[in-house]
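Visitor: Got a predicted structure plus its sequence, pasted below:
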Amino acid sequence: MSFKLWSDTNPKAKKELKPDLGMRSWDSLNTGDKYKIWKHLESYLFDEEPHRFHGQTSEPYSLKTNGIFYSIKSLNERYKVRSYAKNFLEKSDLASAYYDFYKIFMEEKGDVVIELLSLYCQVLISEIEKEKSNIKSIVQYYKASLSGKNQRTDKETNETEEDKKILESLKWEDFDNFSKRLNEVFIDFGINLYLTRDGFIPRQDKKITEEIYEPVINFLSNKDFKEVNRILSDAFSEYRRNTFEGYSNCITHAVSAIQAFLQIKVNGKTGSGNIKDLIKKAQKNELIPNDFFTEKIFDNMESIFARERQDMGIAHPKKEYSNEKNACLILNLTMVFIQHCIQK
């Protein structure tokens, strides 16, 4: 028998303890909320004792330190006129990087803060990519130790499907841990963004995010679907512009992502084939589901995509600009479409 918390049996208490703050932007937060968010994320961003670097070498030597150092360095390099990290501009050491990271987090506008966090995530991923050969050695050593062998044979060094899965898991481990924590905090504070392997996306209902968006984005992080991932990332970027033109561009990119996905499934690469013909070929070759229910969904979705693309996308002269509701609908349909295909 498990002991129940007071909040488990008292909905009123639960609402008081954990209020639903709805959806809000970073810029709507007050200083107190930003500080609370910072404290909840601090151990995931910084090593335990960041002060120990003060006055010492400016060269970073850990994953988190690299993230802080190079994200600050990249922010200044990318946006030279703004030079948001002013202390780092004067003295490019770790102490300055730490100070500026915190100052930007607390004082700059949401676009700058989210850009900085995005750069930090890029470093987490790229640093693991650099260490991929070392990770392979670790996996191979682990397998050899399990088999009771002290040395690997040439045959054992060949990369199996199991190895690839382990490598992929290790590659994303640090980023996934960080994103899980950040998303927990953002949801509690009502921030309208959600961090995925593809970058920040608009936050959806929790069930939609966990059962559709995350599996699809994780699947597309595979190098075979690099082009689809890039196009879909552009769709999310356009959506986050929060302009009518951005929403229209978002629709076009979303439809292009569907087309590229089907081209890869059918032809092994992007380049040729429209959505309607590709769907038929994919179903015929049993690359995607081919039941009656699925066929009707795809027929209807293809018609919706074509209509939205013609009326509101950037591929044709605008009859009208799209709005947030239309763009969100197409993004959701795109993700549902791909999610249904990869379940095959």
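Guide: Everything's here; your move.
Visitor: elements contacting the longest helix along the chain?
Guide: Using DSSP state H to define each element, the chain has its longest helix at helix 161-188. The elements that helix 161-188 packs onto, with contact taken as 3 or more Cβ pairs under 8 Å, 6 or more residues apart in numbering; DSSP states H and E, are helix 31-45, helix 110-130, helix 132-146, strand 193-196. Every C-beta, even on glycine, is put in place using the N, C-alpha and C of the backbone.
Visitor: Give the residue spans of the stretch 1-150 of the chain that score low on pLDDT.
Guide: Counting by pLDDT under 70, the stretch 1-150 of the chain has low-confidence residues at 1, 47-61, 129-150.
Visitor: repeat that for 90
Guide: Residue ranges of the stretch 1-150 of the chain with pLDDT under 90: 1-4, 6-23, 44-66, 123-150.
Visitor: ok so, going back, quick check, distance from the longest helix of the chain to the centre of its chain.
Guide: What separates the centre of helix 161-188 from the centre of its chain is 10 Å, taken as Cα atoms, centre = their mean, to the nearest Å.
Visitor: Which residue ranges of the stretch 151-300 of the chain form helices?
Guide: Ranges of helices within the stretch 151-300 of the chain are 161-188, 206-208, 214-220, 226-239, 244-267, 275-284, 292-312, based on DSSP state H, counting those that start in this stretch.
Visitor: these two touch, right, residue 198 and residue 233?
Guide: Yes. Using Cβ atoms under 8 Å, residue 198 is in contact with residue 233, at 5.2 Å.
Visitor: Show me the residue sitting in the middle of this protein in space.
Guide: residue 196 (2.1 Å; Cα atoms, centre = their mean).
Visitor: which ones are touching the nearest residue to that residue once chain neighbours are set aside?
Guide: The shortest distance from residue 196 to any non-neighbouring residue, by Cβ to Cβ, 6 or more residues apart in numbering, is to residue 217 (4.5 Å). By Cβ atoms under 8 Å, 6 or more residues apart in numbering, residue 217 lies in contact with 196, 197, 198, 201, 229, 232.
Visitor: Let's see the pLDDT reported for residue 217.
Guide: Note on residue 217: pLDDT of 91.
Visitor: so how far is residue 342 from it?
Guide: Using Cβ to Cβ, to the nearest Å, we find residue 217 at a distance of 11 Å from residue 342.
Visitor: How about residue 329?
Guide: Taken as Cβ to Cβ, the span from residue 329 to residue 342 is 21 Å.
Visitor: ditto for residue 325
Guide: Relative to residue 342, and taking Cβ to Cβ, residue 325 is found at 27 Å.
Visitor: Same question for residue 237.
Guide: Residue 237 is 23 Å from residue 342, by Cβ to Cβ.
Visitor: before we move on, what about residue 244?
Guide: Distance, residue 244 to residue 342, by Cβ to Cβ: 32 Å.
Visitor: before we move on, back to that, need the winner for burial among the helices of the stretch 151-300 of the chain.
Guide: Highest mean neighbour count among the helices of the stretch 151-300 of the chain (mean count of other Cβ atoms under 10 Å): helix 244-267, with a mean of 22.
Visitor: what helices or strands is that helix leaning on?
Guide: Using 3+ Cβ pairs under 8 Å, 6+ apart, helix 244-267 is in contact with helix 226-239, helix 275-284, helix 292-312, helix 324-342.
Visitor: Please name whichever of those is nearest to residue 12.
Guide: helix 324-342 (32.5 Å; Cβ to Cβ).
Visitor: Now do the closest one: distance to the chain's middle.
Guide: With Cα atoms, centre = their mean, you get 16 Å for helix 324-342.
Visitor: List the buried residues of that helix.
Guide: 326-341 (16 or more other Cβ atoms under 10 Å).
Visitor: any idea which of those residues is the one closest to residue 274?
Guide: Nearest member of the buried residues of helix 324-342 to residue 274, counting by Cβ to Cβ, is residue 337, at 14.9 Å.
Visitor: Taking the contacts of residue 217, tell me the two that lie furthest apart.
Guide: 201 and 229 (12.5 Å).
Visitor: What residues sit buried inside stretch 81-90?
Guide: Applying 16+ other Cβ under 10 Å to stretch 81-90 flags 84, 85, 87, 88 as buried.
Visitor: okay, it in PDB with CA atoms only?
Guide: Extracted C-alpha coordinates of stretch 81-90, given in PDB (Å, rounded to 0.1, in the frame of the first residue of the first chain):
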ATOM      1  CA  VAL A  81      26.800  44.800 -33.400                       C
ATOM      2  CA  ARG A  82      24.800  43.800 -30.300                       C
ATOM      3  CA  SER A  83      27.700  42.100 -28.600                       C
ATOM      4  CA  TYR A  84      25.400  40.800 -25.800                       C
ATOM      5  CA  ALA A  85      28.300  39.300 -23.800                       C
ATOM      6  CA  LYS A  86      30.100  42.500 -23.100                       C
ATOM      7  CA  ASN A  87      32.400  41.300 -20.400                       C
ATOM      8  CA  PHE A  88      33.500  38.400 -22.500                       C
ATOM      9  CA  LEU A  89      34.200  40.800 -25.300                       C
ATOM     10  CA  GLU A  90      36.600  42.600 -23.100                       C
END
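Visitor: I'm done for today, thanks for sticking with me.
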